[in-house]
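Undergrad: model the following, please.
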Amino acid sequence: MKKPFKILFYEDGDPIDPRCIKRFVCAFPRGYKKVVRTIIENSERLDRKVFKCNVATVMISFKMTRKGVFYGVRVDERGIVNDPENVIDTCWENVGGKLQRLKRYIDENRSVERGRAVVNISSNSRKHVVEKTSELFKKLLEVPLKNGKMSPVGASKILFATLPEVALPVDTAEWKFVSGTNSYQTVLSTMIDEIEAWEEISTPIQLEALDPYPKATLPGIYNVMAMVARSLEE
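TA: This is a model prediction of the structure:
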């Protein structure tokens, strides 16, 4: 292999056994799996309401509302988002239109289930999707907020909350110990290359088949394994 893959492969270059990946996926906390399934199902269409609800749900789940720019964000029992500093609305105003256009592009250029879109679109379309997602990541880092600056962690989680078929949520430890880069474009490209390399060796098994959830996305499964890798490195 040309790259030192770290998520779906062992240090010696051997692929992680499918049964092992399935155990990790199935053993992950129920709360995390529920949140991921919610954002996947909600984001089949994308508008301001979906964006607000999904982003709030993810930030609460990852405990990012206890401090920082998302401090105080809540979702009440009616599903209404309380965003006291209008952080989520401000993000939508800055990237909402571009997110919608990218989602339409992905839907128009995939010929398979949404969960496998990131590896099954053409190479040119894939390059476009990765570049545009990376541009959105950079745009989110520059969003003018009243109570602070958007972090790379927050930006990646916003993208995962709205484009779970493409984007990868990357927390602080993953940036430091696993990815080894500050480039979100490199993170996404490496994820795609690694999934393809793993599936080539593990044929005929496809990665999403290791998650019992029928709408599972490849980045969602890859993220579980990235968190496992992170815990081993810390």
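
Undergrad: lowest confidence element among the helices and strands of this protein?
TA: helix 172-173 (a mean of 72; mean pLDDT, DSSP states H and E).

Undergrad: packing partners of it?
TA: Of the remaining helices and strands, none touches helix 172-173 by 3 or more CB pairs under 8 Å, 6 or more residues apart in numbering; DSSP states H and E. Where C-beta positions appear, they are placed from N, C-alpha and C, glycine not excepted.

Undergrad: figure out how far that helix is from the centre of its chain.
TA: 15 Å (CA atoms, centre = their mean, to the nearest Å).

Undergrad: which SS state does Gln100 fall under?
TA: helix (DSSP: H, G, I helix; E, B strand; the rest coil).

Undergrad: what about the closest residue to it other than its chain neighbours, distance to Leu159?
TA: Nearest residue to Gln100, sequence neighbours excluded (CB to CB, 6 or more residues apart in numbering): Leu46, at 5.5 Å. Leu46 is 12 Å from Leu159, where distance means CB to CB, to the nearest Å.

Undergrad: of these two, who's got more company?
TA: Neighbour comparison, Leu46 and Leu159: the larger count goes to Leu159, with 27 against 18 (by other CB atoms under 10 Å).

Undergrad: tell me if that one really is in a helix.
TA: Yes. Residue state for Leu159 (three-state DSSP) corresponds to a helix.

Undergrad: OK, contacts around it?
TA: Going by CB atoms under 8 Å, 6 or more residues apart in numbering, Leu159 touches 133, 136-137, 140, 166-167, 169.

Undergrad: need phi/psi at the residue positioned nearest the centre of the chain.
TA: The residue lying closest to the centre of the chain (CA atoms, centre = their mean) is Leu168, at 2.7 Å. When quoted as degrees, to the nearest 10, the phi and psi of Leu168 stand at phi -120, psi 130.

Undergrad: isn't it up against Ile221?
TA: No. With contact defined as CB atoms under 8 Å, Leu168 does not reach Ile221; the gap is 10.7 Å.

Undergrad: which element is the residue nearest to Gln100 on?
TA: For Leu46, there is no host helix or strand (DSSP states H and E).

Undergrad: phi and psi next, for it.
TA: Dihedral pair for Leu46: phi -140, psi 120, per degrees, to the nearest 10.
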